[in-house]
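Trainee: predicted structure and sequence below. I'll ask about it afterward.
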Amino acid sequence: MRLFPDRQMGSTAILVEEDVKELPKTGKSVGVDLGLLDFAALSNRNKIPNPHFSKPFERRLRREKRKLSRRIVKAKTLVQKDPNKNWRDCSNLEKQRLKVAKLYAKVNNRKTDFLHKRSTELVKSHDLLVVEDLPVKRLVKNHHLAKSIHDVSWSRFTDMLKYKSKWYGKAFIKIDRFFASSQICSACGHKDGKKALAIREWDCPQCGTHHDRDINAAINILNEGRKRVAASKT
């Protein structure tokens, strides 16, 4: 019996009776730096593009939500004449509410399919997966980033990596959110200080290595994970 945890779906859980077997070892490890411009940068220098799950539906959602708001107002006005009626029971309102719900369901289905495929690929291809523990609750307080952060669903993705790693006999490590992954040169270890988000590439002043900000962070995340594995064996 397996429980599929999914924060996005609240208390909903799916139970599947399945005999899950460990996957063969690959001898590979990967660090994963989650982001917004790209969904993820990997320590093997590959990137997973951000699919922007909601974007194809944004215009329709705005239009249908405006219709829903108008119908709520109209329904409340109509039931004022009959206090025995509930404005929520109006048939036109219910039809519009279902339209909006179906659009949100389409977005969530696209997102869930993508997250499952990418997480399974990573777990199958690597024996050690290391990610950074991101302060999602704090980050969504930034109104400029909140919508994009909700759209990429970092928490759901890391949850999938965690439980799939456990199922298939792989190692999963989450690095502390205060680890300065984007400040350290992965080539020489020099710590270069905080950088504005607009800075996507930089040169290490110590060794001169040119870095892609996100790839460099992913390599540092992997290196930190390996240190923790080594320390746990001593």
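Mentor: Arrived safely.
Trainee: how much space is there between the residue nearest to the spatial centre of the chain and residue 39?
Mentor: Central residue of the chain (CA atoms, centre = their mean): residue 154, 2.0 Å from the mean position. As judged by CB to CB, to the nearest Å, residue 154 and residue 39 stand 9 Å apart. For every residue, glycine as well, the C-beta is placed using N, CA and C.
Trainee: for the protein, which segments count as strands?
Mentor: For the chain, the strands defined by DSSP state E occupy 2-3, 15-16, 29-34, 38-42, 47-49, 128-132, 171-175, 201-203, 210-212.
Trainee: could you dump those strands to JSON lines with mean pLDDT, mean neighbour count and distance to residue 158?
Mentor: Output for these, formatted as JSON lines (pLDDT from 0 to 100; neighbours: other CB atoms under 10 Å; distance: least, CB to CB, whole Å):
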{"stretch": "strand 2-3", "mean pLDDT": "54", "mean neighbour count": "12", "distance to residue 158": "16"}
{"stretch": "strand 15-16", "mean pLDDT": "58", "mean neighbour count": "9", "distance to residue 158": "21"}
{"stretch": "strand 29-34", "mean pLDDT": "96", "mean neighbour count": "24", "distance to residue 158": "8"}
{"stretch": "strand 38-42", "mean pLDDT": "95", "mean neighbour count": "21", "distance to residue 158": "10"}
{"stretch": "strand 47-49", "mean pLDDT": "96", "mean neighbour count": "15", "distance to residue 158": "14"}
{"stretch": "strand 128-132", "mean pLDDT": "97", "mean neighbour count": "24", "distance to residue 158": "5"}
{"stretch": "strand 171-175", "mean pLDDT": "96", "mean neighbour count": "18", "distance to residue 158": "7"}
{"stretch": "strand 201-203", "mean pLDDT": "95", "mean neighbour count": "13", "distance to residue 158": "26"}
{"stretch": "strand 210-212", "mean pLDDT": "97", "mean neighbour count": "15", "distance to residue 158": "22"}
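Trainee: ok, which of those strands comes nearest residue 59?
Mentor: strand 47-49 (21.6 Å; CB to CB).
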